[in-house]
Every structure is written in C-alpha cells, then in structure tokens.
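S.K.: what's the 3D shape of this:
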Amino acid sequence: MKRFVNTHIKEFVTLGLIVLIFIASGIAKSELFSAERFPEVINSVLMWTPLNLTVAMGMMMVIIVRDIDMSVGSTVALSAMVAGILFRDCGWGIAAGVAVSILVGLVCGAINGGLIAYLKIPAIIVTLGTINAYRGLTYIISDGKQVTNYELPEGMSNVASQGIQLGNLLIPWLVIIAFVIAIVFYILLKYSHFGREVYAVGSNREAAHLRGINCKRIEFSIFTITGILCGITGMMSAARFGYINPSNTGNGLEFTVISSTIIGGVSVSGGSGTVPGVVLGCLLLGTVNTMISMIGIPGTVQKFCYGLIIVIALLIDRMVQVIQEKRRRKEHIVKEAL
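M.R.: Here you go, the predicted model:
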C-alpha cells in the first residue's frame, strides 16, 4: 500500500484538492450539498469535463515527448465548422459529419506532426503558426457566420442532454464518450508497444533511437492522434453548446487543456504522466470552474481565483516532485552503501 501511494502521490494530491474545494464550497454555501442541489453540482462538473478531457488525452502524449501543441483550439473550431457547413448546406447526417470532422482534425494534426517530426521545426513555433492559420481558415470558409442550433442535425443535442440516469443524477452520453476515450488511452499507453515507445522517446530520445525506436514516426503519430481527438471534440462542442461559432468554438481550449494536463502530473520535462492523473486534473478544473460560479463569487474575481488555484496546484505538484527526487536519492545512497 505504501509503495502504491508513493507511486501515485500526484494523483492523490489532485484528488485531495478536489475534495478540499468541495468542502470549502459546502462551508460557504451549504445548500449546494442538499439532496436536490448536489446532483446538479456533480452534473455541472461532469459537463465541463468532456471537451477538455478528450483533447487532454492527446496533449498528454505531446507533453510526454517534450513538445507542445498550441493549435488544438483552432483545430477543434476548423473541424467543427467544416462539418457544420456540410450539415447546413448539404443536409448531411450526424455520422457523416463526425467522420468529416475527424478527417479534418487528422489532416491538421498531420500537418503539425510532419513539420515538427520530419522538418525538425520546434513544436512551439509550428503550432503558434497553425493556431492562427487554422482559426483564420475557419473564418474564411464560414464567412464569419456561425452554424446555429436550427442548422445542426436533429437529435445532435441529445448526446449532451440524455444519458444514464442514476437516481437524481444524469450522466450525459457526452461524458460517457469522453471517459471511454480516456479508458482506451489508458490501455494504449500502459499496455501497448506504442505506449512504451511514447514514454521511451520522452524519457531519453537518443537512447530510444539507439534501441531502434523510430522517434520521428512516434512524434508524427502523436500529433496526428491529437488532431483526430480535436475532430471528435469539435462535434462534442457542437452537441454541448448547440452552435458552431468561428470565434468562440475552441477558443482558449489549449490553455485549459495544458493546465489540466500539467496539474494532472504530466511532467514538462517529458517521460512521465498517467491517464488517471490527467482525468483528475480535468475534474479539478471542472470543479473549480463550477464551484466559483455556484457559490456566487463575482465575475470580476472568478478568473483570479481560477488562476490562483491552478498556481497552487502546480506548486504542490512541484513540491511532490522534489520530495520524490530526495527519496530516490536517499534510496540510491543506501543501496550503494550496502
């Protein structure tokens, strides 16, 4: 048990922060924990999570290999807008639109991956360029006009409004889809050959190359997969909000995703990070976002509180890393002495 706790200390810290925020919110506004309101609170936290969590699965791998992708929000917008225009102008169905959105996301991710992996252009430079290119292309193809709820296929919003009923708590299909994606990536990274190669490239690229791992292929694949996840998220966003807007859709998503990924314990130094940690990081930000609104904190200070909690979470995570490093050094010294 002690070894398990030490191995997953970052996840326990994130979970502890979520519990503390719930307790503090309950003290500030006790009616939130009434039988009538509490399911609503949980539903709000869960509904904030799916878009963030889906893209975070890709961002986690990107950061593990010591890269960054600033273009995910714009990729989400472009993917959703292409599908939205086909919904509106051609009368396409949901399945066809989802397939097109995924394809657009794949192409955007592959462009990023090709420039980064094969032309060796730094990821931050490439994605700072494509964040504007993809957003600009979204404006061009949409002529600056949004796709409204009336122009989306009938039944698309059911993914967000319907789901599994557990007593008074509704778990929407949107949430279930996001968590199924997280489970798939947990299995992929923990048990597959590809997952082991991702961690190897992030830990030591030179050593991974000497072991016969095609680092360029892994890097290209990661950015392509992230693009696919952005395509899925584009359709999730349309179902969640009921519109596709060239300005608002995916706006700022990259910063939220990067924050939740790092808070979830993915090291910016590369080579480490877990899916459960990222899931908890997304839930933490969802909890913060929900509770700040529900306890009545004015909008003028919401962003300050939001950012402060993120900084505190990162500081705690850094403290945990330092403690773990000291413990490993101590164990190494003891082994050498023996």
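S.K.: Give me the neighbour count for residue 311.
M.R.: Neighbour count for residue 311, taken as other C-beta atoms under 10 Å: 10. Using the backbone N, CA and C atoms, a C-beta is placed for each residue, glycine as well.
S.K.: what about it, distance to residue 89?
M.R.: 45 Å (C-beta to C-beta, to the nearest Å).
S.K.: Tell me the helices and strands packed up against the helix or strand hosting residue 237.
M.R.: Element membership for residue 237, per DSSP states H and E: helix 215-241. Packing partners of helix 215-241 (3 or more C-beta pairs under 8 Å, 6 or more residues apart in numbering; DSSP states H and E): helix 38-64, helix 72-90, helix 94-113, helix 158-161, helix 173-191, helix 193-203, helix 205-210.
S.K.: Return the distance of the last one from the chain's centre.
M.R.: From the chain centre to the centre of helix 205-210 is a distance of 28 Å (C-alpha atoms, centre = their mean, to the nearest Å).
S.K.: neighbouring contacts of it?
M.R.: Contact with helix 205-210 is made by 65, 66, 197, 200, 201, 215, as judged by C-beta atoms under 8 Å, 6 or more residues apart in numbering.
S.K.: Output these in a markdown table; the columns should cover pLDDT, neighbour count and distance to residue 48.
M.R.: As requested, these are exported to a markdown table (pLDDT from 0 to 100; neighbours: other C-beta atoms under 10 Å; distance: C-beta to C-beta, whole Å):
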| residue | pLDDT | neighbour count | distance to residue 48 |
| --- | --- | --- | --- |
| 65 | 94 | 25 | 28 |
| 66 | 92 | 17 | 29 |
| 197 | 95 | 20 | 33 |
| 200 | 94 | 19 | 34 |
| 201 | 94 | 26 | 32 |
| 215 | 94 | 16 | 36 |
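S.K.: Show me which pair in these is furthest apart.
M.R.: 66 and 197 (14.3 Å; C-beta to C-beta).
S.K.: For residue 242, give me the backbone phi and psi.
M.R.: phi 80, psi 10 (degrees, to the nearest 10).
S.K.: Can you give me the separation between the spatially closest residue to it that is not a sequence neighbour and residue 243?
M.R.: Excluding the flanking residues, the one nearest residue 242 by C-beta to C-beta, 6 or more residues apart in numbering is residue 149, at 4.0 Å. Here residue 149 is placed at a distance of 6 Å from residue 243 (C-beta to C-beta).
S.K.: Compare these two (neighbour count), which wins?
M.R.: Each of residue 149 and residue 243 has its neighbours counted (other C-beta under 10 Å); residue 243 has more, 18 against 13.
S.K.: List the contacts of that one.
M.R.: 146, 147, 148, 149, 152, 249.
S.K.: Make sure the fourth one is actually in contact with residue 155.
M.R.: So the one you mean is residue 149. No - using C-beta atoms under 8 Å, residue 149 is not in contact with residue 155; the gap is 11.9 Å.
S.K.: Skip the chain neighbours and tell me the closest residue to residue 285.
M.R.: residue 260 (4.9 Å).
S.K.: Model confidence at the one you found, what's the number?
M.R.: With respect to pLDDT, residue 260 scores 88.
S.K.: Relative to residue 284, how far out is it?
M.R.: From residue 260 to residue 284 the distance is 7 Å (C-beta to C-beta).
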